[in-house]
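*Asks:* I need the structure of the sequence given here:
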Amino acid sequence: MTPPVSSPMIKFGLKIRTRGGLAVDNLTVHARDQAEAERKMRQMYPQCEVLECRQIQAAIRDDALNLENIISLISQQPDDDQGSGP
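*Replies:* Predicted coordinates for the structure are as follows:
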């Protein structure tokens, strides 16, 4: 039996108005989609009004963060210590 395939998590940025009328910006939450992000925010801030919800990070896939990719990214970085000395 194979494990269920999970949906990638996406980082969302939200702006809300609390039930007291205070506008709160720059809230972030990880969710599978916008509807889940808004639901999670309403759990943390009951009776809030979502004014804006935007995706601020592409979906992260499990295989995108494997060791070979990380090593490849590190090895592509220029070495700042070479060629620039006092």
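*Asks:* Give me the buried positions along stretch 26-45.
*Replies:* Neighbour counts over stretch 26-45 (16 or more other C-beta atoms under 10 Å) mark Leu27, Val29, Ala31, Glu36, Ala37, Glu38, Met41, Tyr45 as buried. C-beta: built from backbone N, CA, C; applies to glycine.
*Asks:* doesn't Phe12 make contact with the third one?
*Replies:* So the one you mean is Ala31. Yes. Assessed by C-beta atoms under 8 Å, Ala31 is found in contact with Phe12 at 5.9 Å.
*Asks:* what sits in contact with each of these two?
*Replies:* With contacts taken as C-beta atoms under 8 Å, 6 or more residues apart in numbering, Ala31 and Phe12 have Ala37 as neighbours in common.
*Asks:* what about the helices in this structure?
*Replies:* 34-44, 67-75 (DSSP state H).
*Asks:* re the thing from before, could I get the buried residues of stretch 26-45 as CSV with pLDDT and distance to Ser72?
*Replies:* Below are the buried residues of stretch 26-45 laid out as CSV (pLDDT from 0 to 100; distance: C-beta to C-beta, whole Å):
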residue, pLDDT, distance to Ser72
Leu27, 94, 34
Val29, 94, 30
Ala31, 93, 29
Glu36, 96, 32
Ala37, 95, 31
Glu38, 95, 36
Met41, 95, 36
Tyr45, 94, 41
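*Asks:* Adding distance to Ile74, write the residues you listed out as JSON lines.
*Replies:* As requested, those are arranged in JSON lines below (distance: C-beta to C-beta, whole Å):
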{"residue": "Leu27", "distance to Ile74": "32"}
{"residue": "Val29", "distance to Ile74": "30"}
{"residue": "Ala31", "distance to Ile74": "30"}
{"residue": "Glu36", "distance to Ile74": "33"}
{"residue": "Ala37", "distance to Ile74": "32"}
{"residue": "Glu38", "distance to Ile74": "37"}
{"residue": "Met41", "distance to Ile74": "36"}
{"residue": "Tyr45", "distance to Ile74": "40"}
